[in-house]
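Q: Provided below for reference: sequence and predicted model.
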Amino acid sequence: MIPCKQYDGYGHGLREVAAAAAALNSSISIMRPEELTAAATLTPRPAMLRIKPASYSEALAAARARLGVQETATPGNIAQLLAAGRDANATIPVHLYLFRHYDEPWGWEFANATQLQQLIASLDRRYVAVRGIMMHAEGFPNRRAAAWRFLEVACPAAATLAPQRIAVHWMSSNSLLELLPPAATNITRYNNRNNTAAASSRRLQLNLPPACAAPNIEFWARLGSASYGMFAAANAKLPGVRPVLRWTSTVTRVGQTTLEGEAVPVAVVDVSPARFPAPSWWSNAAPFVDNSTAENDANNDDNLTAAWQPRPQLFVYIKGQRLQLAAPPGGNGSMFLVDLSGATSRSSSSSSSSSSTVQPGDEVCLLCEQQPAGELGQQLGADEYNTALCLRGLSPAPEATLFDELPNCTPRKA
């Protein structure tokens, strides 16, 4: 199985991800022309798949530059890819996209492999060459059923193209785990706690249609959240996987504040000049906005600020304990209070919680093995990819907003 690393590596840097992919004989998916240009300067250069349907001008520029980029082909752009290949006097490698992409009708809706073979036979091989067949199982009510339907169409058609090696790929972190046979179902992404050393070292076998055993088929897997360590439970089940993003601070001082009319112990954490939960602010993230009194409008900062909830559902770890923020971060996000009322031991002289186990200088986990970026994203109401981008001070992927209603990572007014 060949991992296909997602463009910009969940915000970790395209050049770094591309260099690692080349060293591992792997591939990367790219989205924007500038990403293609950056990856193309590397030596050795990894295999590159443009993960969106290219326009005529985009495909033509890549073909003329002889970058070898593999293009996503759909009913909407196959004519443009053929024209780009003709005008560049080049053969463009393509991956044929089947079925829809979330709610977008990107792909061919074939009922059987014969229909796909007829499409392949109709393409002018002077200008396009089929190198892969793909789909995206996320967005389907039943990912496993959708993947099986895809494989029953894709694998027989891919086998007829032997000896040419053909990439067949549909797998995300979720869909791969769902295709594992029953013997390996204790290796899951979220909440199965029945892991054993023997199970974690078991060689995983995919349950696939028989035609997928053809020797010219190679399976690509787009495993972003799993390979970048975005979820703690998944990391525990996948030996060697750790969060790529890590962010810790220290307790500045310990004191008290009034919370819902009661005095509670708090830890003061100062992350300046950074800002929590991200270098730029999730101005309409779920923990901060009371939707009963404010519209969920990222451009209306004044309205959102006035409607902030008094105690956001955001958490950090101190000494292994998951503790909630006592109030929205202040100082434009550079300082925040952690509620210590639920921390460890209780005082022997009263029933109130004691903060004695948390001291100035103690490490505060903002992002670490206990709370990777994906879990912070869940608290923010955002997906792990855009969370990772914003944690690095970047903007969310603009293409994601075409399919999902995600918080905008924008600076909040001071």
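A: That came through fine.

Q: which residues touch stretch 35-47?
A: Stretch 35-47 is contacted from outside by 7-8, 14-15, 18-19, 21-23, 26-28, 30, 48, 50, 62, 65, 67-70, using C-beta atoms under 8 Å, 6 or more residues apart in numbering. (C-beta placed from N, C-alpha, C; glycine too.)

Q: redo that, cut-off 6 Å
A: If you take C-beta atoms under 6 Å, 6 or more residues apart in numbering as the criterion, stretch 35-47 is touched by 7, 14-15, 18-19, 21-22, 27-28, 30, 48, 67, 69.

Q: Next, format these as a markdown table and append pLDDT.
A: Converted to a markdown table, those look like this (pLDDT from 0 to 100):
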| residue | pLDDT |
| --- | --- |
| Tyr7 | 62 |
| Leu14 | 73 |
| Arg15 | 73 |
| Ala18 | 76 |
| Ala19 | 76 |
| Ala21 | 77 |
| Ala22 | 75 |
| Ser27 | 78 |
| Ile28 | 81 |
| Ile30 | 79 |
| Met48 | 86 |
| Leu67 | 84 |
| Val69 | 91 |
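
Q: Drop anything exposed from the residues you listed.
A: Listed as buried from the contacts of stretch 35-47 are 7, 14, 18-19, 21-22, 27-28, 30, 48, 69; burial here means 16 or more other C-beta atoms under 10 Å.

Q: of all these, which comes closest to Leu376?
A: Tyr7 (21.2 Å; C-beta to C-beta).

Q: Show the pLDDT at the residue nearest to Ala162 when sequence neighbours are not counted.
A: Of all residues not flanking Ala162 in the chain, Asn216 sits nearest, at 4.0 Å (C-beta to C-beta, 6 or more residues apart in numbering). pLDDT, Asn216: 97.

Q: Arg165 is in contact with Asn216, correct?
A: Yes - counting by C-beta atoms under 6 Å, Asn216 sits close enough to Arg165 to count as a contact (5.2 Å).

Q: residues near Leu98, how many?
A: 22 (other C-beta atoms under 10 Å).

Q: One more: Ser57?
A: 11.

Q: In which helix or strand does it reside?
A: helix 56-64 (DSSP states H and E).

Q: How about residues contacting that helix?
A: 69, 71, 80-81, 83-84, 87-88, 90, 92.

Q: Next SSE downstream of that helix?
A: strand 70-73.

Q: Only C-alpha atoms, please: export that next one in CSV.
A: C-alpha atoms of strand 70-73 as CSV (Å, rounded to 0.1, in the frame of the first residue of the first chain):
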residue,chain,number,x,y,z
GLN,A,70,-1.0,13.2,-12.4
GLU,A,71,-4.3,14.9,-12.9
THR,A,72,-7.8,14.1,-11.5
ALA,A,73,-10.1,13.4,-14.4
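
Q: Going by contacts, tell me the helices and strands next to that strand.
A: Of the remaining helices and strands, those touching strand 70-73 by 3 or more C-beta pairs under 6 Å, 6 or more residues apart in numbering; DSSP states H and E are strand 47-53, strand 92-97.

Q: follow-up on the earlier one: quick one: which of the contacts of stretch 35-47 is nearest to Arg392?
A: Among those, and counting by C-beta to C-beta, the member closest to Arg392 is Leu14, at 11.9 Å.

Q: roughly how far apart are that closest one and Ile30?
A: 8 Å (C-beta to C-beta, to the nearest Å).

Q: returning to that earlier point: I'd like the contacts of helix 56-64 laid out as TSV, including distance to Ala327.
A: Putting those into TSV (distance: C-beta to C-beta, whole Å) gives the following:
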residue	distance to Ala327
Val69	49
Glu71	50
Gln80	53
Leu81	54
Ala83	58
Ala84	55
Asp87	60
Ala88	58
Ala90	59
Ile92	55
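
Q: and the contacts of stretch 35-47, which of them are in strands?
A: With DSSP state E as the criterion, strands contain 27-28, 30, 48 from among the contacts of stretch 35-47.

Q: In terms of distance to Asn112, which of those ranks first?
A: Closest to Asn112, out of all of those and judged by C-beta to C-beta, is Ser27, at 28.5 Å.

Q: Might you report the residue contacts of Leu116?
A: 110, 153, 157 are the contacts of Leu116 under C-beta under 6 Å, 6+ apart.

Q: May I have the residues that are in contact with the last one?
A: So the one you mean is Ala157. Counting by C-beta under 6 Å, 6+ apart, Ala157 has contacts 113, 116-117.

Q: Could you do the second one as well?
A: Taking C-beta under 6 Å, 6+ apart as the definition of contact, the neighbours of Val153 are 110, 113, 116.

Q: What's the mean pLDDT across whatever helix or strand it lives in?
A: Per DSSP H and E, Val153 falls inside helix 143-159. Mean pLDDT, helix 143-159: 94.

Q: between that helix and strand 92-97, how big is the angle?
A: 140 degrees (axes from the mean of the first three to the mean of the last three C-alpha atoms, to 10 degrees).

Q: For the very next helix or strand once past helix 143-159, which strands pair with it and how are they oriented?
A: Downstream of helix 143-159, the next assigned helix or strand under DSSP H and E is strand 166-171. Sheet partners assigned to strand 166-171 using DSSP bridges are listed as strand 128-134 (parallel), strand 217-221 (parallel).

Q: which strand in the chain runs the most residues?
A: Identified as the longest strand of the chain according to DSSP E is strand 247-259.

Q: what angle sits between the very next helix or strand once past it and strand 247-259?
A: Once the chain leaves strand 247-259, the next helix or strand it forms, by DSSP H and E, is strand 262-270. Using the same axes, to 10 degrees, the direction of strand 262-270 lies 150 degrees away from that of strand 247-259.

Q: Can you dump the C-alpha atoms of strand 262-270 in CSV for me?
A: C-alpha atoms of strand 262-270 as CSV (Å, rounded to 0.1, in the frame of the first residue of the first chain):
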residue,chain,number,x,y,z
GLU,A,262,-18.3,31.0,43.5
ALA,A,263,-14.5,31.4,44.1
VAL,A,264,-12.6,28.7,42.3
PRO,A,265,-8.8,28.0,42.1
VAL,A,266,-7.3,28.7,38.7
ALA,A,267,-4.0,28.4,36.9
VAL,A,268,-2.9,31.4,34.9
VAL,A,269,-1.2,30.5,31.6
ASP,A,270,0.5,33.1,29.4
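
Q: Sweet, I'm off.
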